[in-house]
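[1] Whatever this is, show me its structure:
(2 chains)
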2 protein chains.
Amino acid sequence: MDSDYGIPRQLSDLQKLRSTYQPELPPCLQGTTVRVEFGDATTPADSSGAHTINRLLPHTYGQPLVHFLRATAKVLDAQIIRDHPAIRVGVVFCGRQSPGGHNVIWGLHNALKTHNPNSTLLGFLGGSEGLFAQRTLDITDDILATYKNLGGYDLLGRTKDQIRTTEQVNAAMAACTALKLDGLVIIGGVTSNTDAAQLAEIFAAAKCPTKVVGVPVTLNGDLKNQFVETNVGFDTICKVNSQLISNVCTDALSAEKYYYFIRLMGRKASHVALECTLQSHPNMVILGEEVSASKLTLFDLTKQICDAVQARAEQDLNHGVILLPEGLIESIPEVYALLQEIHGLLRQEVSVDKISSQLSPWASALFEFLPPFIRKQLLLFPESDDSAQLSQIETEKLLAHLVEAEMNKRLKEGTYKGKKFNAICHFFGYQARGSLPSKFDCDYAYVLGHTTYHILAAGLNGYIATVTNLKNPVNKWRCGAAPITAMMTVKRYGHGPGASSIGKPALHPATVDLKGKAYELLRQNATKFLMDDVYRNPGPLQFDGPGADAKPVTLCVEDQDYMGRIKELQEYLDKVRTIVKPGCSQDVLKAALSAMASVTDILSLISSPSNIGQTPF
Amino acid sequence: MDSDYGIPRQLSDLQKLRSTYQPELPPCLQGTTVRVEFGDATTPADSSGAHTINRLLPHTYGQPLVHFLRATAKVLDAQIIRDHPAIRVGVVFCGRQSPGGHNVIWGLHNALKTHNPNSTLLGFLGGSEGLFAQRTLDITDDILATYKNLGGYDLLGRTKDQIRTTEQVNAAMAACTALKLDGLVIIGGVTSNTDAAQLAEIFAAAKCPTKVVGVPVTLNGDLKNQFVETNVGFDTICKVNSQLISNVCTDALSAEKYYYFIRLMGRKASHVALECTLQSHPNMVILGEEVSASKLTLFDLTKQICDAVQARAEQDLNHGVILLPEGLIESIPEVYALLQEIHGLLRQEVSVDKISSQLSPWASALFEFLPPFIRKQLLLFPESDDSAQLSQIETEKLLAHLVEAEMNKRLKEGTYKGKKFNAICHFFGYQARGSLPSKFDCDYAYVLGHTTYHILAAGLNGYIATVTNLKNPVNKWRCGAAPITAMMTVKRYGHGPGASSIGKPALHPATVDLKGKAYELLRQNATKFLMDDVYRNPGPLQFDGPGADAKPVTLCVEDQDYMGRIKELQEYLDKVRTIVKPGCSQDVLKAALSAMASVTDILSLISSPSNIGQTPF
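    Numbers count the residues shown, from 1 in each chain, chains lettered A, B, ... in the order given. The predicted structure follows:
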């Protein structure tokens, strides 16, 4: 089986062309000398969890932010790493496959060999199981030749998305020790990067010399925070899905008799659904975050869709396209509560056919109300992140079913006078996941791979590679690293009155920010999208010409660049220090003191707990 | 509602670029003078039905083939049409939407206006219903601007795919008369072109001056015969589906734990499935034509797939991709018989919940054996072409279900020792139908539109526009017209012993030729596809660079060019006539006589009924 990995393969003409594409490096990573600047010690955004995180991850807590700069950059306290001994690095695909993953490996390999041709990059075969079993492939230029800029994870394969149990962690440490690895690079999403943080802590505590670095690669786009603007694969997935959604919109407009319900892969959060909506302008999207925030029930959602169908019918429009994120089902309060009961019983090893009889009366009533196909899907064992098996639950069919029943009822009662309601359901996910990556994902992944090398060369442990200011051209991108602990939060669970328990520190999927600019853009256009059929067809993913260089709309409208501002602030502080050097005049010193006192007063005030928004979940 | 049609719309950047693309015309249609050559009278391929076709369609039977040639072409008996009076033409989208349909209208409009700026093109709004109701849109350059080279049928919309009942035919004739149409152009597939032939006959019999011309536009690719090599839309659909199939293949290879069952839209015949297989190399495809020919039962098919899964597991391969045409379900003999019983009862207006109790004992046994979701889908009312509602029957889920049950059984019995079998099901159709058309479909449709004009200018009735020699570059394409009656066959139905009835003359969907070169190519590679994972990823549809000019594999491997050969033969016959003009020597005449006697002997022998294959269904 192993012999199948990394073999050269026949490429189509387009793949051949793509495999010759060479992504650009931002100025800070060009050449062989890179300056490393250490920022201030970090603190988690979830200040209420800081103590817990510090207690449980003492070796990796509070590490500084890191920026990589041009060798010629004029910065105080930045050091140039000139010494590049040969190092041994292992890399593993941990999460679900996401377009662009191969380019992280290519970028890392390229940086390793550029700085020392004797360095070694080992790819773990078959994902985390290959890590535990120490099955590796020596990555070479020849092997990479037919995987550069191409989709899938088939260069190495992937299995589980977890390195979590004591047994797994020990196996990982044994592998790193046996293979004499200086660095272990984990490519994945929220779950895998949480595991990377835990691994980094345990390795540090055990004085295992292997440094652990995570790379944010997930089509869900939910590993998002001040330090990480977007994830590798998200752009491609949204482009391929938008191509298909807009084809379906054109179809709806041509046949004028169908409502298409399209569910989109993307786990708990609704980033994919929001981005695809902004790209293709379907009639309606129901974001899980909206449903959670407004506590909308199944009944509310059905009514909302039916009212939209009715309003359109009154304008003689008998077709439409409605998007749903796959995580929607868990955002509906009563369904979520039902799922919690089911999962609890499943974990107690109650057999599937007995569960329905052991549910609480109200949960049982809801369960019996649902159509049989959904009941079967709700009974599936939960995923490793405790969520339901979202890709298997056909929420689009459930809603289409409920809407059809309600429209038929309204038709009978005479409150609806339009044509018979016809629904066609789709789930878009698997057919996008293996796509050729977009130019943006090729570039972003390649630069992240290079950045990962510099993190290891700087001897850092428990960091995520960051590339920021992404909405601007590559030559403006900033490269750096942020400690994973600074992105962690601690969940509090309430189980019944009075009882509450504290979860482990972890990365949690970022949800769509209902106060953000991307959501605002959606709200501004929602009525037009619903009633005016302003469908937009971006067309199939292109690698040349119009659209080839497009980036996610949500990335471009948000004003992120947190890393840039942190640097800018530091520059101001440095400037003050330079101006007010010992020996400066008393007046200058007094002015500085008075100004800084006022600044610190204001900042203390606005960053006191009562003024900070809730923790982000 | 009408005011929504033909309105200018916002285009994406890629759409804007595509809308400026100008397809080339083959040399024979360039300039304003085209020579028309009439060939010999045609005869239907189904010689046994010739008498019936002649009897029922006397006005349009036996018309000659027509070739359009350059004005400078040196051909006997060809006439140049120099007079181009202003004419009025109506055009209607009749079948299901297929990418490229808009370009037929553009090509026709361009040709009309080039030959006489006073000519008029009316588009019927909302398909055949718009024809019956005489709702039209005056097609202008301005209106076409945002629809050129773009997908869907939303310029005009479409409704029913039939113009068949006396009421419908009368409404169509009334519309043509009221609107003073010189020509009616019907854009559609097998069903719509059959209707075009009937309409042409009825119009001719009623001395209605409107000439009827059909254009072969259907994503199914099943309007295929000696005269028609492929259909507009087929190339695009196969490219978009192949993009998605190959993404799924990459996904399968990355995760290594799923079997994907993918059903493809394309009606009764398996052309789309065959073409996509040759483009993307999935592990397996089950063609309806193979199943029909070998009379494979559901049990046989299940066993065949399970054996493949088992053989792969023995090589440690626990993933795979299997394609199924949507027409497969009707090719399985026992399911077909069950469907016939159900449809019979539905036509007798037996209510759905009573059907199961009125089935024959064996049909009832099969029905009860099937999972509930399939039962519900089999009970749907048949389509206008008497087939089941193929897009609604989830054959992929049925087979996945049966294969899973069998693999679990083998696992229990110990005859299968591999990993647990996991299936994921997909239906690819709607998401491709609205796609931007490929360059080939843009070109082919535009040239067909121009050809249609010349058919009308030559005063022909009951013809299909043909563009042949398509596998060669546009400057080698031949344009012509063939009488629809020459493509018709007459079906014989056997109902119980002794009884048999004769159907109406009609075009029937061409099935995949199991003796053809495309199928041979599949057979040669089947084992490699099954066992070696030689997945090929052609990538997303491109409009520039590698792959942008690719044509269907099945079109390129088949040696079609029937129209070219017919012309070549005519040239030989003309040459003989020229050489053996009255006044030639006795010896030359004798030699000619003896040679021709032998040629006619051979041809009579090999074209006698006992030597001809069966009628093509």
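
[2] Low-confidence regions, the stretch 1-150 of chain A specifically.
    A:1-4, A:6, A:75-77 (pLDDT under 70).

[3] Spell out which parts of it neighbour chain B.
    Selection of the stretch 1-150 of chain A residues close to chain B by C-beta under 8 Å from any C-beta of the partner chain yields A:1, A:4, A:10-18, A:93, A:96-97, A:126, A:150. For the C-beta atoms, the positions are set from N, CA and C on the backbone; glycine is no exception.

[4] Spell out which residues of the stretch 351-500 of chain A are next to chain B.
    Residues of the stretch 351-500 of chain A that fall close to chain B, judged by C-beta under 8 Å from any C-beta: A:372, A:373, A:424, A:426, A:428, A:430, A:431, A:432, A:433, A:434, A:435, A:436.

[5] Closest one to chain B out of those residues, please.
    Of all those, chain B sits closest to residue A:434, with 3.1 Å by C-beta to the nearest C-beta.

[6] Distance check, the closest one against residue A:224.
    Distance, residue A:434 to residue A:224, by C-beta to C-beta, to the nearest Å: 23 Å.

[7] for residue A:417, same thing?
    Taking C-beta to C-beta, one finds residue A:417 at 45 Å from residue A:224.

[8] on that earlier part again, columns secondary structure, pLDDT and neighbour count on top of the residues of the stretch 351-500 of chain A next to chain B, output as a markdown table?
    Converted to a markdown table, these look like this (DSSP: H, G, I helix; E, B strand; the rest coil; pLDDT from 0 to 100; neighbours: other C-beta atoms under 10 Å in any protein chain shown):
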| residue | secondary structure | pLDDT | neighbour count |
| --- | --- | --- | --- |
| A:372 | helix | 90 | 9 |
| A:373 | helix | 90 | 15 |
| A:424 | strand | 95 | 21 |
| A:426 | strand | 96 | 23 |
| A:428 | strand | 96 | 27 |
| A:430 | helix | 93 | 21 |
| A:431 | helix | 94 | 26 |
| A:432 | helix | 95 | 29 |
| A:433 | helix | 93 | 26 |
| A:434 | coil | 93 | 29 |
| A:435 | coil | 97 | 31 |
| A:436 | coil | 97 | 28 |
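
[9] re earlier: any chance of a ChimeraX selection covering the buried ones in the residues of the stretch 1-150 of chain A next to chain B?
    In ChimeraX syntax, the buried subset of the residues of the stretch 1-150 of chain A next to chain B is picked out as below (16 or more other C-beta atoms under 10 Å in any protein chain shown):
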select /A:4,11,12,14,15,17,18,93,96,97,126,150
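
[10] Go through the residues of the stretch 1-150 of chain A next to chain B and say which is closest to residue A:170.
    Nearest to residue A:170 among those is residue A:126, at 18.7 Å by C-beta to C-beta.

[11] Residue A:33 reaches residue A:82, doesn't it?
    Yes. Taking contacts as C-beta atoms under 8 Å, residue A:33 lies within contact range of residue A:82: 6.8 Å.

[12] sorry, back to before: just give me the closest of the residues of the stretch 351-500 of chain A next to chain B to residue B:404.
    Residue B:404 has its nearest neighbour among those in residue A:373, at 15.8 Å by C-beta to C-beta.

[13] The residue in the stretch 151-300 of chain A positioned nearest to chain B: how many residues sit nearby?
    Minimum separation of the stretch 151-300 of chain A from chain B (C-beta to the nearest C-beta) falls at residue A:250, amounting to 3.1 Å. Neighbours of residue A:250 under the rule other C-beta atoms under 10 Å in any protein chain shown: 24.

[14] Over to residue A:369?
    By other C-beta under 10 Å, the residues close to residue A:369 number 11.

[15] And for residue A:205?
    When neighbours are counted by other C-beta under 10 Å, residue A:205 registers 12.

[16] now swap in residue A:222 and tell me
    By other C-beta under 10 Å, 25 other residues sit near residue A:222.

[17] That one belongs to a strand?
    No. Counting by DSSP: H, G, I helix; E, B strand; the rest coil, residue A:222 falls outside a strand, being coil.

[18] residues in contact with the closest residue to it other than its chain neighbours?
    Setting aside the residues directly before and after it, residue A:222 is nearest to residue A:509 in space (C-beta to C-beta, 6 or more residues apart in numbering or on different chains), at 3.7 Å. Neighbour list for residue A:509: A:190, A:220, A:222, A:223, A:267, A:268, A:269 [criterion: C-beta atoms under 8 Å, 6 or more residues apart in numbering or on different chains].

[19] related to what we said a few turns ago, please compare residue A:417 and residue A:224 by neighbour count and tell me which comes out ahead.
    It is residue A:224, of residue A:417 and residue A:224, that has more neighbours when counted by other C-beta under 10 Å, with 28 against 10.

[20] Now do the helices in the stretch 1-150 of chain A.
    For the stretch 1-150 of chain A, helices defined by DSSP state H, counting those that start in this stretch occupy the ranges A:13-19, A:50-56, A:101-115, A:127-132, A:141-144.

[21] What of the stretch 501-617 of chain A?
    A:517-532, A:553-557, A:562-579, A:586-606.

[22] right, so those helices: which one is the most enclosed?
    helix A:553-557 (a mean of 19; mean count of other C-beta atoms under 10 Å in any protein chain shown).

[23] contact partners of it?
    Contacting residues not belonging to helix A:553-557 are listed as A:221, A:229-230, A:235, A:271, A:274-275, A:278-279, A:470-471, A:517-518, A:521 [C-beta under 8 Å, 6+ apart].

[24] Neighbour count: residue A:33 and residue A:82, which is higher?
    Neighbours were counted for residue A:33 and for residue A:82 using other C-beta under 10 Å; residue A:33 has more, 13 against 9.

[25] In the stretch 451-600 of chain A, which residue sits closest to chain B?
    For the stretch 451-600 of chain A, C-beta to the nearest C-beta, closest residue to chain B: residue A:546, 3.4 Å.

[26] Contacts only, for that residue.
    Neighbour list for residue A:546: B:12, B:13, B:14, B:16, B:17 [criterion: C-beta under 8 Å, 6+ apart].

[27] Give me the local confidence score for residue A:580.
    pLDDT, residue A:580: 87.

[28] what's the closest non-adjacent residue to residue A:425?
    By the measure of C-beta to C-beta, 6+ apart, the closest residue to residue A:425 outside its immediate chain neighbours is residue A:396, 4.5 Å from it.

[29] what domains does the record give for chain A?
    A:26-233+A:437-487, A:234-434+A:516-558, A:562-596 (the TED database).

[30] per-stretch mean pLDDT over the helices of the stretch 501-617 of chain A, give me the minimum one.
    Looking at the helices of the stretch 501-617 of chain A, the weakest mean confidence is helix A:562-579, a mean of 84.

[31] I'd assumed residue A:56 was in contact with residue A:50.
    No. Counting by C-beta under 8 Å, residue A:50 stays clear of residue A:56, with 11.1 Å between them.

[32] Comparing the two, which shows the higher neighbour count?
    Remark: of residue A:50 and residue A:56, residue A:50 carries more neighbours, 20 against 16, as counted by other C-beta under 10 Å.

[33] For the more buried one, give its distance to residue A:62.
    Distance of residue A:50 to residue A:62, given as C-beta to C-beta: 9 Å.

[34] Mind checking which of the contacts of helix A:553-557 are in helices?
    Among the contacts of helix A:553-557, DSSP state H puts A:235, A:271, A:274, A:275, A:278, A:279, A:517, A:518, A:521 in helices.

[35] Who are the contact partners of the closest residue to chain B within the stretch 1-150 of chain A?
    Nearest to chain B in the stretch 1-150 of chain A, going by C-beta to the nearest C-beta, is residue A:13, at a distance of 3.4 Å. Residues in contact with residue A:13 (C-beta under 8 Å, 6+ apart) are B:538, B:546, B:547, B:550.
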